[in-house]
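In: Sequence first, predicted model second:
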Amino acid sequence: MDFKQQVANTLASVLGETLELAQIEKLIETPKTSDLGDYAFPTFILAKSLHKAPQQIAQDLVAEIDATDFEKVVATGPYINFFLDKAAFSDQILKTVLTEMSNYGQSDLGQGGNVPIDMSSPNIAKPISMGHLRSTVIGNSIAKILTKVGYQPIKINHLGDWGTQFGKLIVAYKKWGSEEAVREDPITNLLKYYVKFHQEDVEHPELDDEARAWFRKLEGGDEEATELWSWFRSESLKEFQKIYDMLDVKFDSYNGEAFYNDKMDTVVNAIESKGLLQESRGAEIVDLTAYNLNPALIRKSDGATLYMTRDLAAAMYRHDTYHFVQSLYVVGGEQREHFSQLKAVLKEMGNDWSDDIHHIPFGLITQGGKKLSTRSGRVILLEEVLNDAVKLAGQQIESKNPDLPNKAEVAKQVGIGAVIFHDLKNDRLDNFDFNLEEVVRFEGETGPYVQYTNARAQSILRKANQEVVADDQLVVADSNAWDVLKMLNNFPNVIVRASKEYEPSVIAKYALRLAKVFNKYYANSKILADDDQRNARLALVKSVSTVLETALDLLGVQAPKEM
């Protein structure tokens, strides 16, 4: 129920033509505390047109307002404060949640439109590190949120399975590697070779020439180069899958850079046919001065294609294949210029659908304030972090609830959920430092705190051992319940906001606030007292659990029933 709309309509009926409904809606505020009402309207803006002091305007308008549908409407200084009818509000919101259950908050905003989401995208022959966590879990959560509001997301793992790094890796493998070592532990050893290459090429720059030569062989279809590349790729995918299974992330496509090899000429020809291709120092570029951008490098002087060429091919392929309404790239903030160039080149080619492409940037994860880097060997392996998180969660469960059934399974849900939640509770663009002990705490602003709150609600329902009936009048008169009810009512708006801003932290922060107000209610209310409000109180508990579970699911976090 949109109670804000109700307030706006009430004000519109007394303001006549002074302000339009849309203007009134924008001006309505939410007071800091409930004792000042549930909504407030400031009258300052009316002082000039009505030639009165704001305080007087507030008093005059309150005298005209029909307060039948509200508990009361009062003038407080220059504000008109609206107090909602708590009984009607309580009954309506609880019945809505209990009727719709996990569908609560669902909408048809997207009308089934396709939204490809380019996410995760690790490089073949390198481990999935903490640096890949953000793109993976942010992309996964955005996909879930967009599904909730009626879009059709297509999750694409655009693998880094092509490029000059494969020339470097082939050189490194042939110089310092062995087939036996790679078969035994592919990712660890391939990474070791890659790091060694970068250490050695400081003293031996000729290694770069060898690497470029091998990559040219690979591009030319050389049998040995192709065989090695194919082997590195298949071994890597097996390792990646273990981590995606732990995170419970699935993809609709694994089409990476190599997929676009046979689509490059078409792109270059299309750019050329539009008269956009220019020569610059032997390379071919598209001049983007009109967009205030550096030129987009399309083909190097040796004829090798680049990221830009591939991303142009990918964008065009996705448009032709999925007929998207939006196309998202969940890629770090350092790639802003690249995606601005990508959109500009597509625009110059006459593709107006480039306006529907959105780069979804995010900040860095650091450790001890330092950036993680594969090249320098400063890598924190994601699999190790997830395993450590599960172990830490298990230790806390053992100390708090040693008799818990399925302890190992719950420890997985809590530990991995904690890592995901910690990432997503941060504003997407913020950098954050990662400390595992803080992440897996059961208290504070953590995933385990939200999960524990839901488990507590489930425990109350089990103890009550009665069916919650939605037919009765569901009025919770307890003053502590009011903030909980208002939070429940706001959930659909929160989902829409998260979808429009591509911002999972909106959901995570909401879940933390709901958990907090519910725990305050729990501490101050005798929920299981045997009186005529017991069913309504249990309806509130069930509604909170339903919304917390839905919120956690939108983040890709599981919700154990017991902890």
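Out: Right, received. Where do you want to start? Numbers count the residues shown, from 1 in each chain.
In: pLDDT weak spots in this protein?
Out: Residue ranges of the chain with pLDDT under 70: 1, 372-379.
In: what about the strands in this protein?
Out: 39-42, 70-76, 79-84, 114-118, 152-156, 277-280, 283-286, 296-299, 327-329, 357-359, 365-367, 370-371, 432-433 (DSSP state E).
In: Dump the ones you listed to TSV, plus distance to residue 241.
Out: Quick note: C-beta positions are derived from backbone N, CA and C, even for glycine. TSV is the format used below for these (distance: least, Cβ to Cβ, whole Å):
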stretch	distance to residue 241
strand 39-42	50
strand 70-76	56
strand 79-84	51
strand 114-118	19
strand 152-156	14
strand 277-280	40
strand 283-286	38
strand 296-299	34
strand 327-329	23
strand 357-359	27
strand 365-367	22
strand 370-371	27
strand 432-433	27
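In: Residue 278: how many residues sit nearby?
Out: 12 (other Cβ atoms under 10 Å).
In: Please disregard the earlier target; I meant residue 65.
Out: Residue 65 has 16 nearby residues by other Cβ under 10 Å.
In: ok, now which ones touch the closest residue to it other than its chain neighbours?
Out: Among residues not flanking residue 65 along the chain, residue 73 sits closest, at 5.2 Å (Cβ to Cβ, 6 or more residues apart in numbering). Taking Cβ atoms under 8 Å, 6 or more residues apart in numbering, we find residue 73 in contact with 10, 62, 65, 67, 80-83.
In: what do you get for residue 474?
Out: By Cβ under 8 Å, 6+ apart, residue 474 lies in contact with 90-91, 94-95, 98, 535-536, 539-540.
In: quick check: longest helix of the protein.
Out: Longest helix of the chain, by residue count under DSSP state H: helix 223-247.
In: Packing partners of that one?
Out: helix 133-148, helix 164-176, helix 186-200, helix 206-219, helix 382-400, helix 407-425 (3 or more Cβ pairs under 8 Å, 6 or more residues apart in numbering; DSSP states H and E).
In: Same list (the contacts of residue 73) but as a markdown table, adding distance to residue 301.
Out: Shown next, in a markdown table, are the contacts of residue 73 (distance: Cβ to Cβ, whole Å):
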| residue | distance to residue 301 |
| --- | --- |
| 10 | 70 |
| 62 | 76 |
| 65 | 74 |
| 67 | 77 |
| 80 | 70 |
| 81 | 70 |
| 82 | 69 |
| 83 | 72 |
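In: Out of those, which comes closest to residue 336?
Out: Among the contacts of residue 73, residue 82 lies closest to residue 336 (Cβ to Cβ), at 43.0 Å.
In: right, and the closest one touches residue 76 too?
Out: No. If you go by Cβ atoms under 8 Å, residue 82 and residue 76 don't touch, sitting 10.9 Å apart.
In: Look at the two and report which has more neighbours.
Out: A count of neighbours by other Cβ under 10 Å puts residue 82 above the other of residue 82 and residue 76, at 27 against 14.
In: Is that one bridged to anything, and to what?
Out: With DSSP bridges as the criterion, residue 82 is bridged to residue 39, residue 73.
In: Next up, the contacts around it.
Out: 7, 10, 37-41, 70, 73.
In: hang on, the earlier thing: roughly how far out does the longest helix of the chain sit from the chain middle?
Out: Centroid separation for helix 223-247 versus its chain: 26 Å, with Cα atoms, centre = their mean, to the nearest Å.
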